[in-house]
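> Need coordinates for the below:
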Amino acid sequence: MIIIDTRKENKVIDFLTQENLEFKEEKLEIGDLLFVEKNIIIERKNISDFAGSVKNHKVFVQAQNMVNNYKHCYVIIIGSLKDLYFKKVPFSVNQFYGAIARLSSIGVRILQVKNINQYITLSLALNEKLDDNKEIIKLKKLGSKENTNISILRALPNISTTKAEQILENGFKIKLAILNKDQEIVSINKLKNIDGFGKKTIYTLEPYFL
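Reported below is the predicted structural model:
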């Protein structure tokens, strides 16, 4: 059974209806799409929504609620950082990858697509292939830090999971950097000046930053 949140999934409803797939509409307290049998919850975010929810920390609260209530948790982002650039939305590459690292450390997988049709296709594929997808099973066996590094690399253009693993297997390490207004690298401890970034959050993010 597929449960679809009634608030913003009209295109998904139209698609499932055309495909004669069984579903029901229901207001979900967490997420936008729930595959009941496999306990998969998916939160859909347009890139601008994602940027906004990172800035107000809402996405991290949502992610924690997802992990607390469901077995398989995904945030699927529709769009790219280029879309934000053209809309003149202030959201840096470091903010983007920092958010991915933090969400991955919570236990939520981040995936990115170009449009709503790809979102629907990917969501259905996750439900169909979860049990026998070797890539997903392999990721589960990795350490949490390595999982996070792979997630960060996969967010880059043209980097698949295989390529990400090859980078790490060849001894390369992934480090993010925080830049100030003068484009100088600063310590992650500078984040303490931002509301919501306490010692625990800084400690969690430290291994991924210069």
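> Can you tell me what sits against the one helix or strand residue 128 maps to?
Assigned by DSSP states H and E, residue 128 falls within helix 116-129. Counting contacts by C-beta atoms under 8 Å, 6 or more residues apart in numbering, the residues outside helix 116-129 that touch it are 2, 11-12, 15, 33, 35, 38, 40, 42, 44, 72, 74, 76, 78, 111, 113, 136. C-beta coordinates here come from the backbone N, C-alpha and C atoms, glycine included.
> Show me which residues of it are buried.
116, 119, 120, 122, 123, 124, 126, 127 (16 or more other C-beta atoms under 10 Å).
> Out of the contacts of helix 116-129, which end up buried?
Buried residues within those, counting neighbours by 16+ other C-beta under 10 Å: 2, 12, 15, 33, 35, 40, 42, 44, 72, 74, 76, 78, 111, 113.
> Neighbours of the residue nearest to residue 208 when sequence neighbours are not counted, how many?
The spatially closest residue to residue 208, leaving aside those adjacent along the chain, is residue 101, at 4.8 Å (C-beta to C-beta, 6 or more residues apart in numbering). If you count neighbours by other C-beta atoms under 10 Å, residue 101 ends up with 23.
> pretty sure residue 101 is touching residue 176, no?
Yes. Contact status for residue 101 versus residue 176: in contact at 6.9 Å, counting by C-beta atoms under 8 Å.
> what touches both of those two?
Overlap between the contact sets of residue 101 and residue 176, as judged by C-beta under 8 Å, 6+ apart, is given by 152, 208.
> care to break this structure down by domain?
Using automatic domain parsing, the domains assigned to the chain come out as 2-132, 175-210.
> what's the least confident stretch among the ones you listed?
Comparing the domains of the chain by mean pLDDT, the weakest confidence falls on domain 175-210, with a mean of 81.
> Identify each buried residue in it, please.
Neighbour counts using 16+ other C-beta under 10 Å place 176, 178, 188, 191, 197, 201, 202, 205, 208, 209 of domain 175-210 among the buried residues.
> Dump those to TSV, plus secondary structure and distance to residue 25.
As requested, these are arranged in TSV below (DSSP: H, G, I helix; E, B strand; the rest coil; distance: C-beta to C-beta, whole Å):
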residue	secondary structure	distance to residue 25
176	strand	40
178	strand	42
188	helix	43
191	helix	40
197	coil	38
201	helix	36
202	helix	41
205	helix	38
208	helix	39
209	strand	42
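> Please tell me how far the closest residue to residue 45 other than its chain neighbours sits from residue 35.
Closest residue in space to residue 45, ignoring its immediate chain neighbours: residue 77 at 5.2 Å, by C-beta to C-beta, 6+ apart. From residue 77 over to residue 35 the distance is 19 Å, taken as C-beta to C-beta, to the nearest Å.
> same deal with residue 161?
Applying C-beta to C-beta, one obtains 21 Å for the distance of residue 161 from residue 35.
> Equivalent analysis for residue 24, please.
As for residue 24, its distance to residue 35 is 12 Å (criterion: C-beta to C-beta).
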